[in-house]
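Chemist: Sequence first, then the predicted structure:
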Amino acid sequence: MELEDAKSKFIQAWGTFGSNWGVNRTMAQVHALLLVAPEPLCADDIMETLKISRGNANMNIRALIDWGLVFKELKPGERREYFVGEKDMWKVVRQIIIQRKKKELEPVLTVLDEVSNVDDADSEDAQQFLEVIGSMKLFSEKADAVLAKLIKSDSGWLMKTLMKLIK
């Protein structure tokens, strides 16, 4: 397979994976393009390669910057902004975990805390409800703790832990 074909296939696949993970397909494709780009790219390069509009490119670049997956890079003598993707996969995974935790797990924990305080807690229905909510809350808190530990850890710790689990 030619390099350009391989890059194109990767970008398309990353976009598909992104939509399966609940991330905008175009955002995932911009991320993939910047991951495999040997040099920083400007918005025009991204638009041309992915055949997307300026607004779509800018919106997704800004989102990736907010996620900590893409950074601006200035080139001397150039007025255009250039962008580079984080190439360290451990940092990429950490940033994705941070964002997903903030957008998905933390709101769940908030809702579970709120609904744990029912007025008629002595009724049988309330007891069953609180049992289910308590179980969900316990699982969610454990997941939150694991993710917090992952975020604080380094890649060496993660690899050692994963190798222990595999054995």
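Modeler: The structure has been received and is ready for your questions. Bear in mind that the values here come from a model prediction, so they are computed numbers and not experimental data. Numbering: from 1, shown residues only.

Chemist: mean confidence for stretch 130-146?
Modeler: Here stretch 130-146 scores 91 as its mean pLDDT.

Chemist: now stretch 34-47
Modeler: Across stretch 34-47, the average pLDDT comes to 95.

Chemist: Could you do stretch 97-117 as well?
Modeler: Mean predicted lDDT for stretch 97-117 stands at 90.

Chemist: and it, which residues are buried?
Modeler: Across stretch 97-117, burial judged by 16 or more other Cβ atoms under 10 Å covers Ile97, Ile98, Gln99, Arg100, Lys101, Leu105, Leu109, Leu112. Just so you know, the C-beta spots here come from the backbone N, C-alpha and C atoms, and that holds for glycine as well.

Chemist: So which of those belong to helices?
Modeler: Ile97, Ile98, Gln99, Arg100, Leu109, Leu112 (DSSP state H).

Chemist: Just the closest of those residues to Gly77, please.
Modeler: Among these, Gln99 lies closest to Gly77 (Cβ to Cβ), at 34.4 Å.

Chemist: how about TSV for the buried residues of stretch 97-117, with distance to Leu50 added?
Modeler: Shown next, in TSV, are the buried residues of stretch 97-117 (distance: Cβ to Cβ, whole Å):
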residue	distance to Leu50
Ile97	26
Ile98	26
Gln99	22
Arg100	24
Lys101	28
Leu105	31
Leu109	36
Leu112	39
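
Chemist: Any chance you could list what contacts the helix or strand hosting Gly15?
Modeler: Using DSSP states H and E, Gly15 sits within helix 3-20. Helix 3-20 has contacts (Cβ atoms under 8 Å, 6 or more residues apart in numbering) with 1, 24-29, 31-33, 35-36, 50.

Chemist: what does stretch 28-47 give?
Modeler: With contact meaning Cβ under 8 Å, 6+ apart, stretch 28-47 is reached by 7, 10-19, 21, 49-50, 52-54, 57-58, 60-61, 64, 69-70, 73, 75, 80-87, 92.

Chemist: and those residues, which are buried?
Modeler: For the contacts of stretch 28-47, buried by 16+ other Cβ under 10 Å: 7, 11, 14-15, 18, 49-50, 52, 57, 60-61, 64, 69-70, 82-83, 85-86, 92.

Chemist: Out of those residues, list just those in strands.
Modeler: The strands, defined by DSSP state E, take in Val70, Tyr82, Phe83, Gly85 from the buried ones among the contacts of stretch 28-47.

Chemist: Take the residues you listed and write them to a markdown table, including distance to Glu124.
Modeler: Listed next are those as a markdown table, based on distance: Cβ to Cβ, whole Å:
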| residue | distance to Glu124 |
| --- | --- |
| Val70 | 53 |
| Tyr82 | 63 |
| Phe83 | 58 |
| Gly85 | 55 |
